[in-house]
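Visitor: I'll drop the sequence and a predicted model, then ask my questions.
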Amino acid sequence: MARSSGSLRGLAASLLAIGLLLLVICCSRPETYAQTASTAKSLPEPTNVVVRDRERKALITFYEALGGPDWIERDFWGSDRPVGEWHGVATDADGRVVQLTIYDNNLTGAMSPAICHLERLHTLHLSFNKISGTLPDKLGDCRAIKNLWLKGNKITGRLPDPVAMLPELEYLDIHANEMSGPLPTIWDTPKLKIVRAEDNRISGALPPQLFRQPLLEEIFLHNNELTGTIPTALSAELRAVLLANNKLSGSVPEDFGRLKKLTDLRLNRNQLSGPIPASLAGTASLQVLRLDHNRLVGSIPTGLAKRLMVFDASHNPGLEPAR
């Protein structure tokens with residue numbers, strides 16, 4: 001037992017000696033480690049001076065238009081540091097700006113179209129700020145934009161028509177603002193997957209072209225002031241369609257029953273009339289169906305109510321009870 005204890009003490013002493021030796025080595029050449037840390041943080045900048053100056057100018061214009069000095073976080077903005085070190089700015093391997101992620105940061109004022117001088121900008125995430133005024137038509141010049149996230153601001157007016165022509169746009173989120181007026185009529189967004197524009201005061205008709213965008217998966221337009229009928233030609237990729245609490249009229253399109261990926265359909269609190277399409281009973285993926293508070297008539301398709309996780313067709317006086 002004594003021999004075992006001695007061995008353990010010897011091992012502990014050896015480990016302590018090794019630790020002290022490593023500490024001495026590290027402390028003897030601090031400049032080596034400082035240089036390594038500095039290198040790890042350094043970011044590239046565009047080699048073309050004209051491009052570098054143009055992007056810096058665009059960022060500063062954006063900063064000043066949205067009350068930059070009063071931002072909660074504004075590290076390095078306006079400094080000589082690479083713009084990739086500025087708070088919320090991400091750059092690519094060439095030092096070009098590709099992303100602005102400045103949410104919940106007290107951005108105040110109207111958005112400047114100068115951001116579209118950032119030719120590679122693919123993500124603009126400015127949610128939960130105090131951005132006001134209308135969105136500039138020049139936003140359509142941001143041709144590389146994939147993600148446009150502006151939810152939870154105080155933006156007013158229409159969604160500019162040029163936004164509906166952005167070739168790379170995949171995710172559009174303008175919900176929980178104060179936007180009004182009709183949506184763009186013409187949509188040419190071949191990569192568009194998700195549209196969120198609920199909780200505004202958007203009015204007018206639903207644009208048929210929007211619902212036909214080939215990759216469209218989810219569309220949220222509930223809690224607005226939309227009128228007219230629901231488009232009958234629908235993207236085969238649709239998974240969720242939320243149009244509740246508007247002023248939509250006409251019938252529920254049969255095409256909803258042909259969507260193999262549709263899981264969530266909410267058309268409640270509108271002025272829809274006619275029968276519930278029998279085709280909905282054969283929609284295998286459907287889990288949620290809200291049709292309550294409309295003017296639907298006739299019978300509920302056999303078996304529809306029993307196989308869904310959520311089904312509500314209440315407050316339709318002309319509907320017969322489910323079977």
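Guide: Yep, it's here. Since this is a predicted model, take the numbers as computed values, not measurements.
Visitor: From here on, just use CA atoms for contacts and neighbour counts.
Guide: OK.
Visitor: Show me the shaky parts of this protein.
Guide: In the prediction, the chain carries residues with pLDDT under 70 at positions 1-41, 322-323.
Visitor: Mind jotting down where the helices sit in it?
Guide: 2-28, 30-41, 49-65, 208-211, 304-307 (DSSP state H).
Visitor: where's the last one relative to the chain centroid, distance-wise?
Guide: Okay, so that is helix 304-307. 33 Å (C-alpha atoms, centre = their mean, to the nearest Å).
Visitor: List the buried residues of it.
Guide: When neighbours are counted by 16 or more other C-alpha atoms under 10 Å, the buried residues of helix 304-307 are found to be 304-305.
Visitor: The third one now?
Guide: Along helix 49-65, the positions that meet the burial threshold by neighbour count (16+ other C-alpha under 10 Å) are 51-52, 55-63, 65.
Visitor: Now do the same contact list for the closest residue in space to H315 that isn't next to it in sequence.
Guide: Beyond its immediate neighbours in the sequence, the residue positioned closest to H315 (C-alpha to C-alpha, 6 or more residues apart in numbering) is H293, lying 4.7 Å away. For H293, the set of contacting residues under the criterion of C-alpha atoms under 8 Å, 6 or more residues apart in numbering consists of 268-271, 313-316.
Visitor: what's the answer for L59, then?
Guide: L59 touches 114-115, counting by C-alpha under 8 Å, 6+ apart.
Visitor: What's the separation between it and S112?
Guide: Applying C-alpha to C-alpha, to the nearest Å, the value for L59 to S112 is 10 Å.
Visitor: Now stretch 78-94: buried residues?
Guide: Along stretch 78-94, the positions that meet the burial threshold by neighbour count (16+ other C-alpha under 10 Å) are 78, 82-86, 88-92.
Visitor: got a list of contacts for that stretch?
Guide: With contact meaning C-alpha under 8 Å, 6+ apart, stretch 78-94 is reached by 43-47, 56, 60, 73-77, 95, 97-102.
Visitor: Just the CA trace of it, in CSV.
Guide: Once side chains and other backbone atoms are set aside, the C-alpha atoms of stretch 78-94 remain, and they are given as CSV (Å, rounded to 0.1, in the frame of the first residue of the first chain):
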residue,chain,number,x,y,z
GLY,A,78,-17.5,53.9,-39.4
SER,A,79,-14.0,52.7,-38.3
ASP,A,80,-11.0,51.8,-40.5
ARG,A,81,-11.5,48.1,-39.5
PRO,A,82,-12.6,45.7,-42.2
VAL,A,83,-16.3,46.0,-42.6
GLY,A,84,-16.7,42.3,-41.7
GLU,A,85,-15.8,43.3,-38.1
TRP,A,86,-18.6,45.9,-37.9
HIS,A,87,-21.5,44.7,-35.9
GLY,A,88,-24.0,42.6,-37.9
VAL,A,89,-22.0,42.7,-41.1
ALA,A,90,-20.8,39.4,-42.7
THR,A,91,-18.4,39.2,-45.7
ASP,A,92,-17.4,36.5,-48.1
ALA,A,93,-13.8,35.3,-48.9
ASP,A,94,-13.3,38.4,-51.1
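Visitor: what about it, distance to the chain center?
Guide: For stretch 78-94, the distance to the chain centre is 23 Å (C-alpha atoms, centre = their mean).
Visitor: What of stretch 286-293?
Guide: The gap between where stretch 286-293 is centred and where its chain is centred comes out at 25 Å by C-alpha atoms, centre = their mean.
Visitor: Span of that stretch from start to end?
Guide: Distance between the two ends of stretch 286-293: 20 Å, counting by C-alpha to C-alpha.
Visitor: and N147, what does it touch?
Guide: Residues touching N147, when contacts are defined by C-alpha under 8 Å, 6+ apart, comprise 122-125, 169-172.
Visitor: Measure how buried P113 is and give me the count.
Guide: 19 (other C-alpha atoms under 10 Å).
Visitor: hang on, isn't it packed against G140?
Guide: No - applying C-alpha atoms under 8 Å, one finds P113 not in contact with G140, separated by 9.2 Å.
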